[in-house]
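S.K.: Below is the structure, and that's it, no one-letter string:
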């Protein structure tokens, strides 16, 4: 027997939930415990289990998911959408229920919703919000102790597409797994966004048959159960070094963010804004180009005589892409790895990453799992020094530019430590000037 609250009581519960959440968020920020992006959503969801649906009702939404690039693509897509609409988005990267609820509350007056969503959460978030569009970036091995096997994620996302037949899907046709997710979608825009990591795309997720890849094409040697060929679809959007090729023509694409992966992210963000929400191509491109920082990633900070650029990587595919962005002419490289729950405690992924070609640069292995990393670097024949404190590792580098590559909690903790160190340095400099003055 089911029981549902009358409409008036539902509204009262939602109001109570949002009020309590606002108070909690304010308290969190005031006490310095955090930015409040999670606590408000946790409290609101506990008081009103239907609050996500209530907050999203009547507002066109687009969800962005994939193993890598969610935050960057969401930031670019939100920027593009703002050229035509007001937007509610979780630009802090909180991509599970609590963060999504907080974003919806913070942007309660916005006309459109742009959300990055953890892969495991897409099915039920889509069920609650009934999104107008879904952006599928890429799928590769992530935290096996949390996420599980990659084919499980593919099946869950495929189920979400099947359950929302009117939803427009913007999918990366260069990724075998995401192509499988979108292969039967009634409304799909195929984007050639690139696939830098092929280690998880050697077999068809639907049949287990081998995937043959060559010259920008791929196909499964075994047909699907219904007899169809499983092959790379022909894209209507393509990004390459020359620019962004669209149904409207070719546009230059000069991003502030580095790396080929971010060009693919931009292509899918722009395609989603244009094809899914009628945003004009030129302002959408300019908006994507304007994104220069994503929650501190790619940012440059100064500490003493070091200019530090921060790069984030969370899994083998992300690490491989981030390593390709490292400036080999820098004066130092700090690689920091933690193994907390948010990172995945299983560090075996280190052996899937190709650490090589860092001759002439001072390399430091750092982080809580710096010893594991150091062992991996020994086998990669990379000369290095083990200094577990990332700030001390930076300070030990020669003066000049230092590249820092860190996984999730190492990146988060290092950002805070650098902020504290910079504040101390600034205070000491002020004291020195006051004394000399």
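M.R.: Sure thing, it's come through. Since the structure is predicted, the reported quantities are computational estimates derived from the model, not experimental observations.
S.K.: Give me the contacts around stretch 229-242.
M.R.: 173-174, 179-180, 183, 188-194, 204, 206-207, 209, 216-220, 222-224, 244-247, 250, 253, 263-264, 266-268, 270-271 (C-beta atoms under 8 Å, 6 or more residues apart in numbering). Using the backbone N, CA and C atoms, a C-beta is placed for each residue, glycine as well.
S.K.: So which of the residues you listed sit within strands?
M.R.: Using DSSP state E, the subset of the contacts of stretch 229-242 located in strands is 188-192, 217-220, 244-246, 250.
S.K.: Against residue 123, how distant is the nearest residue to residue 257 once chain neighbours are set aside?
M.R.: Nearest residue to residue 257, sequence neighbours excluded (C-beta to C-beta, 6 or more residues apart in numbering): residue 298, at 5.7 Å. According to C-beta to C-beta, to the nearest Å, residue 298 stands 31 Å off from residue 123.
S.K.: And residue 318, by the same measure?
M.R.: 23 Å.
S.K.: before we move on, what about residue 268?
M.R.: 20 Å.
S.K.: likewise residue 352?
M.R.: Distance from residue 352 to residue 123, by C-beta to C-beta: 28 Å.
S.K.: When these two are compared, which one has more neighbours?
M.R.: residue 123 (18 against 15; other C-beta atoms under 10 Å).
S.K.: Show me which positions of whatever helix or strand residue 377 lives in end up buried.
M.R.: Element membership of residue 377 [criterion: DSSP states H and E] is helix 370-379. Residues of helix 370-379 classed as buried by neighbour count (16 or more other C-beta atoms under 10 Å): 370, 372, 373, 374, 376, 377.
S.K.: Now do the phi/psi pair for the nearest residue to residue 354 once chain neighbours are set aside.
M.R.: Distances taken as C-beta to C-beta, 6+ apart put residue 320 closest to residue 354, at 6.5 Å, once the chain neighbours are dropped. Torsion angles at residue 320 (phi, psi; degrees, to the nearest 10) stand at phi -60, psi -40.
S.K.: hang on, isn't residue 320 packed against residue 197?
M.R.: Yes: contact criterion C-beta atoms under 8 Å: residue 320 and residue 197 qualify, at 6.0 Å.
S.K.: quick one: low-confidence parts of the stretch 151-300 of the chain?
M.R.: 198-200 (pLDDT under 70).
S.K.: which residues touch residue 126?
M.R.: 63, 134, 160, 163, 164, 167.
S.K.: actually residue 295, not the one I typed
M.R.: 71, 91, 92, 93.
S.K.: And for residue 132?
M.R.: 60, 61, 62, 167, 168, 276, 277 are the contacts of residue 132 under C-beta under 8 Å, 6+ apart.
S.K.: about what we covered before: and the ones in strands among the contacts of stretch 229-242, which of them are buried?
M.R.: Of those, these count as buried by 16+ other C-beta under 10 Å: 188, 189, 190, 191, 192, 218, 219, 220, 244, 245, 246.
S.K.: Let's have the residues you listed in TSV, adding distance to residue 118.
M.R.: Conversion of those to TSV gives the following (distance: C-beta to C-beta, whole Å):
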residue	distance to residue 118
188	22
189	23
190	24
191	21
192	25
218	27
219	30
220	28
244	28
245	31
246	29
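S.K.: thinking again about what came up before, ok, so of the contacts of residue 295, who is nearest residue 102?
M.R.: residue 92 (8.5 Å; C-beta to C-beta).
S.K.: That closest one: neighbouring residues, count only.
M.R.: Neighbours of residue 92 (other C-beta under 10 Å): 17.
S.K.: how close does it get to residue 385?
M.R.: Taking C-beta to C-beta, one finds residue 92 at 34 Å from residue 385.
S.K.: For the lengthiest helix in the chain, buried residues please.
M.R.: Looking only at the chain and at elements set by DSSP state H, the helix with the highest residue count is helix 408-436. By neighbour count on 16+ other C-beta under 10 Å, the buried set for helix 408-436 is 408, 409, 410, 411, 412, 413, 414, 415, 417, 418, 421.
S.K.: Kindly report the same for stretch 113-130.
M.R.: For stretch 113-130, by 16+ other C-beta under 10 Å, it's 113-123, 125-126, 128-129.
S.K.: do stretch 318-326 as well
M.R.: For stretch 318-326, by 16+ other C-beta under 10 Å, it's 318, 319, 320, 321, 322, 323, 325, 326.
S.K.: Now for the fourth one: which residues touch it?
M.R.: Pointing back at residue 321 there. 68, 196, 197, 259, 260, 261, 313.
S.K.: One more pass at 10 Å, please.
M.R.: Counting by C-beta atoms under 10 Å, 6 or more residues apart in numbering, residue 321 makes contact with 68, 69, 194, 196, 197, 259, 260, 261, 262, 311, 313.
S.K.: Give me the subset of the buried residues of stretch 318-326 lying in strands.
M.R.: Those of the buried residues of stretch 318-326 lying in strands (DSSP E): none at all.
S.K.: Mind picking the one among the residues you listed that's closest to residue 305?
M.R.: Taking those together and measuring to residue 305 by C-beta to C-beta, the closest member is residue 326, at 20.2 Å.
S.K.: Backbone dihedrals for the residue nearest to the closest one when sequence neighbours are not counted, both of them.
M.R.: Excluding the flanking residues, the one nearest residue 326 by C-beta to C-beta, 6+ apart is residue 403, at 4.9 Å. As for residue 403, its main-chain torsions (degrees, to the nearest 10) stand at phi -90, psi 130.
S.K.: Next one: residue 403 from residue 217, what distance?
M.R.: 35 Å.
S.K.: Can I get the buried residues of stretch 318-326 in a markdown table including pLDDT and distance to residue 288?
M.R.: A markdown table is the format used below for the buried residues of stretch 318-326 (pLDDT from 0 to 100; distance: C-beta to C-beta, whole Å):
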| residue | pLDDT | distance to residue 288 |
| --- | --- | --- |
| 318 | 86 | 20 |
| 319 | 89 | 24 |
| 320 | 87 | 23 |
| 321 | 88 | 18 |
| 322 | 89 | 20 |
| 323 | 89 | 24 |
| 325 | 89 | 18 |
| 326 | 91 | 23 |
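S.K.: Which two among the contacts of residue 321 are spaced furthest apart?
M.R.: 194 and 311 (18.4 Å).
S.K.: Contact partners for residue 276?
M.R.: 60, 62, 77, 81, 131-135, 167-170, 187, 189.
S.K.: show me the contacts for residue 367.
M.R.: With C-beta under 10 Å, 6+ apart, residue 367 has these contacts: 334-339, 343, 373, 387-390, 393, 406-407, 409-411, 413-414.
S.K.: which stretches of this protein form helices?
M.R.: Using DSSP H, helices in the chain cover 7-30, 39-47, 51-56, 70-81, 97-106, 122-129, 150-163, 176-182, 260-277, 281-290, 316-325, 370-379, 390-395, 408-436.
S.K.: Good, wrapping up.
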